[in-house]
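Only the shape, not the letters, is given here:
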C-alpha cells in the first residue's frame, strides 16, 4: 500500500492500515504536517460551527471529538469552548443556536454573561449571549507524529522529502509510482497493490498523474499567534462562520483566525499584511485585547475544497471527499481530501475500508477502540512544554539551543534520533517542526545558527547544507513575521539582517 | 542639583560608529564636543571596518575595489550618502579613524593608505562558514584573511557550551568552497561542565595567565598538519594583542579570531578603547539617552541628568547620529516612519505594505532599509520643501536615506564619511580651541 501525503489524514491512514495488518509506505514531498495539517487552528471542533451550513460535518465533528478526547488525551487540551455574540450580531441566529445544538447532539449550556466574563475576562463588554460547548484544542503536530510513530511500530515505513513524479500503469491498474528523494535527487520506484492519495490541496495534481481529475478550489486561511495565552477556552463568535471569529488557546499562546481567500497557486502560501490587519481588527470585536497585544507570527494554510457546481469559499462544504477512482478507470487509486482535522480518524477509517476490502482484509478498524500511544516523535511540539521540562530537571551541561522556548541539546537529540530512524537525516526545518525551536520571540535569529552548529557537530549535516537550511528556516519564519512588521518589529529585522546579511553575507555568498 | 549651563560648539547625539567617529574627527579639528548616548549598538560590531563591496540588486555585483564599487553605486543611486564625498575624503576619514583606534590599542590590517589600488576588499571567515568582504580587517583577524588568500591549512576550534559558533559548521561549509579548514572542539578550562558560555566571560578568563596557559595546552594537540589556528573572538578584552602574541609564540603558528554573534567581544574592545581615550578627546561624554532637544536663539538646548545632577547644554552645532530603529533614531507612528528627535522628514516607501520584500534575503534589500533622512551635500537634513532644515544641524551614519549598509557592506564607511564631512563643514565656522 502506498500512501501519498503525510498530513493528519495520511498518517491516520498509515496507522489504521498497520493496525489491520496491512503493510504500507507513506511518502510526503516535504514532511509530516508540512501542509494544511500543520497550518490550522488546532481546534477540535465540537461541531457547533458547522451546524447551520454543514449538518453532516457537525455531527461527525461532535462524535469524533468525543472519541479523540478519550483515545488521544495527550494530544488534546479539553478546554471547552464558548460561543459569544456581541451587540451587533444577529438575534435570530442566537435564538436558533441551542436548538441546533440539540439536533446535532452537541452539549450546549447558556452562560450568564457576567459569569462568562469572570471566567474569560478578555471577552468584550458588550456581549449579549454566551453558550458553552465541548470544543477542545488539539496539537496537530503531536497527533500526526504519534500516529506516524504507532504506524511505524506496526510495520509502516515513512519517507519524508519524497515526491511522486509519475504513476506507471497497465490497463487501468497502477503498477508503481516513480518517486524522487528531493534532497538527493535520487529517483526510484515504489510498487504497491493499492495507492491512496491523501495530499490535501495537492489531491488534483496527484490524481492527474493517474489520469483522473478532482475539481478543486483552494481556499487560503490565515491565522495569527499571540505572544501570550489570551483565554482558557476556545472562543467562537456566535454568528454564521466568517472571518477571524475563532480564538484558540494552545499551551502558552493563543491563535486568532481565520480568513478564506480563494487562490490559484499552491507554490507560495503566505499570510499578507492586509489579512493580518483584518484578522486583528475583526478579532478585537470579540476580544478587545487582540487590538493591542503582541503577536509572534502569522501563518497560512490551504483548505482543499472540492467543487460541487458553482459554490464559492465559505459556502462549499467542509465535509471530506472520498473518491474511489475505479469508476473512472483507475482501479487501485483512492483519493481522500477536504474534511476537518477533527474528523481525520473517520476519514482514515472510511478510506482504509475501501482498500482493505479490495485486499480481502476483514480485520475491523481498530482506531476507534485502541488509544493512540504517545511517542518520542511528538514529545516536544507543545508550546510551554520544554521550559517546564527544563525547570523540572535542569541539567546545566545540557546547553539550550533555543533560549526563547528553552529547547536543549538533549531534546534535539531525541528528535534527531526519530528522524534518523526513518532512514533520512534531519533538516533544520524538520527539527523545527517537531519542537518549538524558532517559534519564540527571536524567530530563529540565534537558534537557527545554534541548531545548525549543533547538527554539524553531531555529524547530522554535511558540506554547505547548513547554509541553505538556515536560509530556508529563516525565510520560513520571515513568511510569518513579515505581515506583522509594524514598529518595534523593525528593530528585530534590523538586528537579524545585521547578522545574516551584514556580517554573514548570506544573501550573496554562494 | 543644577549645574551651570554648558556651552559647546558641537553636540553629538549618539555613541555608535558615526557618533564615535564624529567625536574623533572633531578632536582632530580642535573642536570641543559634548557627546550623549549609550554606547550600545557598537557591541554588535564585528570589529571590521566595511567601506563598500556589494552593489545590491536582483543580480548583486561584488566589487574587489570599493572605490570602483562606489563609482558604480553613485551612478545607480545618485542620492546615496557616498555621492556627497570624494574618494580623498573617504580615505582621510578612514585613516583618521584607524589612526585614532591604533592609538587606543586596536590595530587594523588596512590598505596602503594613499594608494587607491591597495584598498581592495579582503575576506574574513564568519561563523556561518561564509566569507565576508571587508576593507579594514582588525589585526586580530589578519592571519585568517591571509590564510584564505594563501590557501593555507586552517584549524578552527570551538568551545563546548559556546553557542552559535560551530567549528564543524564552518569547516564543512568552507571545505565545500575548497578552503582547507578542519574543526575541533575543546572544553574551556575551569568551565568544563557549563552548558551556557558567553564570549565576554571567556575573554575575561583568558586575561588570567594560568587560564591562558591551560587553554593553549588544550588547543595544541589539534594543530598537527595545520598552518593557522582560528578561534572565536574571545582572546581578551584589553590585552588582546598581547594574548594573541603569547599564543602564537607558544604554538609557533599564527592565530586569528572570528567575530561572534552579539554581544561580541570585538565590539566591546572597540567601545572600551574609545571610552579609554575620552580624556584625550576634549570630550564630555554622557552615556544617557536624550529625548528632547529644543532650538533657542539658534542654539540646540537639551538637558542631561545623571544621578541627582541635571545639566543644561547649549550647542551651536549638532550632529544627529542616532542610528535607525535599534538606535531609536527612527521609529514608527501611524504606520509612517518618523525621525524621533526633530521630526525631520523621512524619505520612505509610500505605505507600510511597501516596506518589505517577501524574501528575507532579497539581494536587492528591503525597501524600508533605504528609508531615512535626506540631506544636502554637507549632510544637513532637509525640510519638507527641500531646503536645509537648520543651518547647523547635521545627520551622520545609518539614519541617512538611500543606503542599505547591510547589503552594501558599507556600514562603517557611511558612518565615517558622513561624520567626517559634517565635522569638516562645522570646522569652517568655528575658531579652533576650547570654548567652555
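Received the coordinates, thanks. Note that this is a predicted model, so its numbers are computed, not measured.

Next, residue A:169: phi, psi?
phi -130, psi 150 (degrees, to the nearest 10).

contacting residues around it?
Residues in contact with residue A:169 (C-beta atoms under 8 Å, 6 or more residues apart in numbering or on different chains) are A:175, A:210-211, A:330. No exception for glycine: its C-beta is placed from N, CA and C like everyone else's.

I would like a ChimeraX command selecting only the buried ones among these, please.
In ChimeraX, this line selects whichever of these come out buried by 16 or more other C-beta atoms under 10 Å in any protein chain shown:
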select /A:210,330
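
What is the nearest of the contacts of residue A:169 to residue B:24?
residue A:210 (72.1 Å; C-beta to C-beta).

Tell me the spatial nearest neighbour of the residue in the stretch 51-200 of chain B positioned nearest to chain A, not counting adjacent residues.
Proximity of the stretch 51-200 of chain B to chain A (C-beta to the nearest C-beta) peaks at residue B:166, 2.6 Å away. Leaving out its chain neighbours, the residue that sits closest to residue B:166 by C-beta to C-beta, 6 or more residues apart in numbering or on different chains is residue A:453, at 2.6 Å.

And the one you found, its phi and psi?
Here residue A:453 shows phi and psi, under degrees, to the nearest 10, equal to phi -60, psi -40.

got a pLDDT number for it?
Looking at residue A:453, its pLDDT stands at 93.

likewise residue B:226?
Model confidence at residue B:226, given as pLDDT, is 96.

same deal with residue B:433?
Note for residue B:433: predicted pLDDT of 47.

Same check on residue B:429?
For residue B:429, the pLDDT comes out at 83.

would you say residue B:67 is within a strand?
No: assigned with DSSP: H, G, I helix; E, B strand; the rest coil, residue B:67 falls outside any strand and is helix.

Count residues in the vicinity of it, would you?
18 (other C-beta atoms under 10 Å in any protein chain shown).

now do residue A:184
For residue A:184, the neighbour count with other C-beta under 10 Å is 9.

where's it, which helix or strand?
Using DSSP states H and E, residue A:184 falls within no helix or strand.

what sits against residue A:59?
Residue A:59 makes contact with A:47, A:104-105, according to C-beta under 8 Å, 6+ apart.

Phi, psi for it please.
Torsion angles, degrees, to the nearest 10, at residue A:59: phi -60, psi -50.

Residue B:64: how many residues sit nearby?
Applying other C-beta under 10 Å, we find 12 residues neighbouring residue B:64.

Now do the contacts for the residue of the stretch 51-200 of chain B closest to chain A.
A:449, A:452-454, A:456-457, B:127, B:158, B:183.

same thing with residue B:49?
Residue B:49 sits next to B:94, B:97-98, B:108, B:134-136, B:412-413, B:416 when contact means C-beta under 8 Å, 6+ apart.

Within range of chain A, give me the residues from the stretch 301-436 of chain B.
Within reach of chain A by C-beta under 8 Å from any C-beta of the partner chain, the stretch 301-436 of chain B has these residues: B:324-326, B:330-333, B:335, B:352-353, B:355-356, B:358-363, B:366, B:368-369, B:405-407, B:409, B:411.

let's see it at 6 Å
Within the stretch 301-436 of chain B, the residues that sit near chain A (C-beta under 6 Å from any C-beta of the partner chain) are B:324-326, B:332, B:353, B:356, B:360-361, B:363, B:406-407.
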